[in-house]
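Any chance you could fold what I've pasted below:
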Amino acid sequence: MSTSPRLAAVKRDWGHDETGCTTLHIDMDAFFASCEIARHPELKGKPVIIGTGPRSVVSAASYEARPFGVNSAMPTATARRLCPQGIFLPVDMAYYREMSRRVFTVFGEVTDRIERVSVDECYMDVSGALRRWSSPTAIGAWLRNEVARTFGLTCSVGVASNKLVAKLASTNAKPNGMLLIPKARQAEFVQMLPLRSIPGVGPSLGKRLEQWGVTTVAQLAELDERELAQACGSASHARSLYLAARGLDERTVTPYTPEKSIGAERTFDTDATSADDVTSLLLWCADTVASTLRRKGLMARTITVKLRFADLSYSTKSRTLETPVTTASAIYPQSVRLLERMLGMAEGAADHGDTRLPRSVRLAGLSASGLADVATTPVQASFDDLLAEEEVENAGRSPSERSAGSRFPAAHGQSMYGQGTRGQDTHDRDARDQNDGRRHTPPSTSVSGSTSPSRSTSVSMPSSTHGTPNPKRMSQAEKALDSIRQRYGTDAVRLGLRKPHGTHRTGD
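As a prediction, the model looks like this:
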């Protein structure tokens, strides 16, 4: 569901010269709501709104709900006030993804040069398909008709010479329309649109440009790149704005776009005021993100925590790790430390569940970025990882067996930490872990599986002799959870590095 500014005056015939216009942007109309209407035909013609939770936002709304002022990203409570006769339905992502898969199968009958942007939107390079099809608009017309005939859904199509103009064209063709912008008229088309139509021009940049006397795309086109760089504070951003104001775009349709980040977030039913509520949600997010990373064969180097406060303001903070990670046991402690820094709390304060937060939190989440392919990314184990692994291997061995099998042999009573006995060495290392290793001290490590909210089973997870989860064992354990989820569903089992609490929603 697009909320980009539209202008009725540009929804007209711009000419029929399709030379060079081989880029299509296809955007499904009110996709989630339309999918619900497709499987419940009795809802046709009624204001259907997707989103039901007391703190949720509107995911999509049918065009019958638009006259009441209902739009996506609007709080559901506001939508209920604006449209009390609306039919509010919960989000069913599994169904929407399946419908998306089927729709994209139809798209694939034209070409494999498809850049998927989301479940309901894509770019298509049809230059290689013109031998079979007479023109780009003929392809757009066939796609619209085939999707409507097969699924009872509508889509809007923009046809242009580049991705920017094709996207703007499809937005202004909605609903259920197609708009061709000839290459010779793309600058004229773009310069008729509101300034906020240009990607990257949000409220903040809009205000800065307004200080330069720029309130329209036509006025934006009057600035050179140097002036734009001064106005927006970024040379690269200035370049993209300079091109966009002239209807130009250097980006090409890329059939495969590597994922940039994987995240999870949830809104609390009531604003969270205790550290226990927020860290419980961060644990769920860490487990969800880590499971997704492993399923996609990826590892992440940067962890970012996001908070939304009671006044609806946002805050984010990130940390880039020395070694990429794939497990919740590695992600979760980092997220808690980031939470503490964001709220100005002492390190370790959030480990105490009864600690009250300096600010009430409405939403919390985390994401993993700096992604790399596990199969092709070499990772060297850290010194701590090797020590932890050796301690697990040495459990139950006699002192002589440990010395003989150690990866780090000590000569003449001298340890790797300096002079002293093995016992003194371990004591010193324990002290160091207590002083600077809080990142390794989740209260407990367990796996919980439950068939009902009131019943759960906890199983102790492998940890090192210092009480720190052993990285190798934790990785194996979390992979075992993946197998359970694959067979019984994502909610069949839960990772418990700590006792879960909180009032966040993990559904809807």
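
C-alpha only now, for contacts and for neighbours.
Fine.

Name the helix or strand for Pro324, please.
Secondary structure assigned from DSSP states H and E places Pro324 in strand 314-325.

List the strands paired with that strand, with their directions.
Under the criterion DSSP bridges, strand 314-325 sits next to strand 298-309 (antiparallel) in its sheet.

Now do the phi/psi pair for the closest residue to Val289 other than its chain neighbours.
The shortest distance from Val289 to any residue that is not its chain neighbour, by C-alpha to C-alpha, 6 or more residues apart in numbering, is 5.8 Å, and that residue is Gly263. Note on Gly263: its backbone torsions stand at phi -140, psi 170 [degrees, to the nearest 10].

Enumerate the beta-bridge partners assigned to Gly263.
Assigned bridge partners for Gly263, using DSSP bridges, are Ser367.

isn't it right up against Leu371?
No. Taking C-alpha atoms under 8 Å as the contact criterion, Gly263 and Leu371 are not neighbours in contact, 11.9 Å apart.

circling back: can you point out the buried residues in the strand holding Pro324?
Taking 16 or more other C-alpha atoms under 10 Å as the basis for neighbour counts, the residues of strand 314-325 that come out buried are 318, 324-325.

Contacts for that strand next, please.
Contacts of strand 314-325 from elsewhere in the structure, counted by C-alpha atoms under 8 Å, 6 or more residues apart in numbering, are 299-308, 331, 334, 338, 342, 379-380, 382.

And stretch 125-138, by the same measure?
Where contact means C-alpha under 8 Å, 6+ apart, the residues beyond stretch 125-138 that reach it are 18, 21-24, 110-111, 113-114, 139, 159, 180, 253.

chain center to it: distance?
34 Å (C-alpha atoms, centre = their mean, to the nearest Å).

Residue numbering should commence at 715 henceforth.
That works, and once the first residue is 715, the last one we named lands at stretch 839-852.

gap between the two ends of that stretch?
Distance between the two ends of stretch 839-852: 14 Å, counting by C-alpha to C-alpha, to the nearest Å.

looking only at pLDDT, what's the mean for that stretch?
For stretch 839-852, the mean pLDDT works out to 95.

Where does the prediction get shaky in the chain?
Counting by pLDDT under 70, the low-confidence segments of the chain come to 715-719, 1093-1190, 1199, 1202-1222.

and which of the buried residues of strand 1028-1039 is nearest Ser1005?
Compare each of the buried residues of strand 1028-1039 with Ser1005 using C-alpha to C-alpha and the shortest gap goes to Val1039, at 11.4 Å.

Identify the bridge partners of that closest one.
In beta-bridge terms (that is, DSSP bridges), Val1039 pairs with Ala1014.

got a list of what Asp731 touches?
Residues counted as contacts of Asp731 (C-alpha under 8 Å, 6+ apart) are 896-897.

List the contacts of stretch 877-887.
Residues external to stretch 877-887 that are found in contact with it (C-alpha under 8 Å, 6+ apart): 716, 718, 720-722, 724-725, 737-741, 837, 870-874, 891-895, 900, 904, 911, 958, 961-963, 965-967.

Same question for stretch 1059-1078.
Outside of stretch 1059-1078, the residues within contact range by C-alpha under 8 Å, 6+ apart are 979-982, 984-993, 995-996, 1019-1024, 1026, 1050-1051, 1054-1055, 1057-1058, 1152, 1156-1157.

Buried by neighbour count, from those: which ones?
The buried subset of the contacts of stretch 1059-1078 (16+ other C-alpha under 10 Å) comprises 979-982, 984-993, 995-996, 1019-1023, 1050-1051, 1054, 1156.

among those residues, which are in helices?
Among those, DSSP state H puts 989-993, 995-996, 1050-1051, 1054 in helices.

Could you point out which of these is nearest to Gly927?
So of these, ranked by how close each gets to Gly927 (C-alpha to C-alpha), first place is Glu1054, at 41.8 Å.

residue contacts, the closest one?
For Glu1054, the contacting residues are 1060-1064, taking C-alpha under 8 Å, 6+ apart as the criterion.

out of these, who has the most neighbours?
The most crowded member of the contacts of Glu1054 is Ala1064, carrying 21 neighbours; neighbours defined as other C-alpha atoms under 10 Å.

That one in helix, strand or coil?
Three-state assignment for Ala1064 (DSSP: H, G, I helix; E, B strand; the rest coil): helix.

Roughly how far does it sit from Tyr1028?
Taking C-alpha to C-alpha as the measure, Ala1064 and Tyr1028 are separated by 20 Å.

same deal with Val873?
With the distance defined as C-alpha to C-alpha, Val873 ends up 37 Å from Tyr1028.

Name the SS class of Lys881, please.
helix.

scratch that, Glu860
helix.

All the helices of the stretch 1015-1164 of the chain, residue numbers only.
Secondary structure of the stretch 1015-1164 of the chain, counting by DSSP state H, counting those that start in this stretch: helices at 1042-1056, 1097-1108, 1113-1119, 1136-1150.

related to what we said a few turns ago, just the ones in helices among the buried ones among the contacts of stretch 1059-1078 now: which is nearest Pro781?
Leu995 (36.7 Å).

Can you give me every residue that contacts the residue lying closest to Arg794 once chain neighbours are set aside?
Spatial nearest neighbour of Arg794, chain neighbours left out: Gly800 (7.1 Å); criterion: C-alpha to C-alpha, 6+ apart. Gly800 makes contact with 760-763, 779, 794 under the criterion C-alpha under 8 Å, 6+ apart.

By neighbour count, which of those residues wins?
Neighbours were tallied for each of the contacts of Gly800 (criterion: other C-alpha under 10 Å), and the maximum of 32 neighbours falls on Ile763.

Give me the spatial nearest neighbour of it, chain neighbours excluded.
Using C-alpha to C-alpha, 6+ apart, the closest residue to Ile763 is Ala775 (4.4 Å).

which phi and psi does the one you found have?
Taking degrees, to the nearest 10 as the convention, Ala775 sits at phi -150, psi 140.

wouldn't it be in contact with Phe782 here?
No. Taking C-alpha under 8 Å as the definition, Ala775 is not a contact partner of Phe782, at 10.7 Å.

more neighbours, these two?
Taking neighbours as other C-alpha under 10 Å, Ala775 and Phe782 compare with Ala775 leading, 27 against 15.

re the thing from before, got the contact list for the residue nearest to Ile763?
715, 744, 746-747, 761-764, 784-786.

which of those are buried?
A residue is treated as buried here by neighbour count (16+ other C-alpha under 10 Å); on that basis the buried members of these are 715, 744, 746-747, 761-764, 784-786.

Which one of those is nearest to Ala949?
Met715 (31.4 Å).

okay, now Ala883: neighbour count?
By other C-alpha under 10 Å, 30 other residues sit near Ala883.

Would you check how far apart the residue nearest to Arg794 and Ala744 are?
If you measure Gly800 against Ala744 using C-alpha to C-alpha, the figure is 15 Å.
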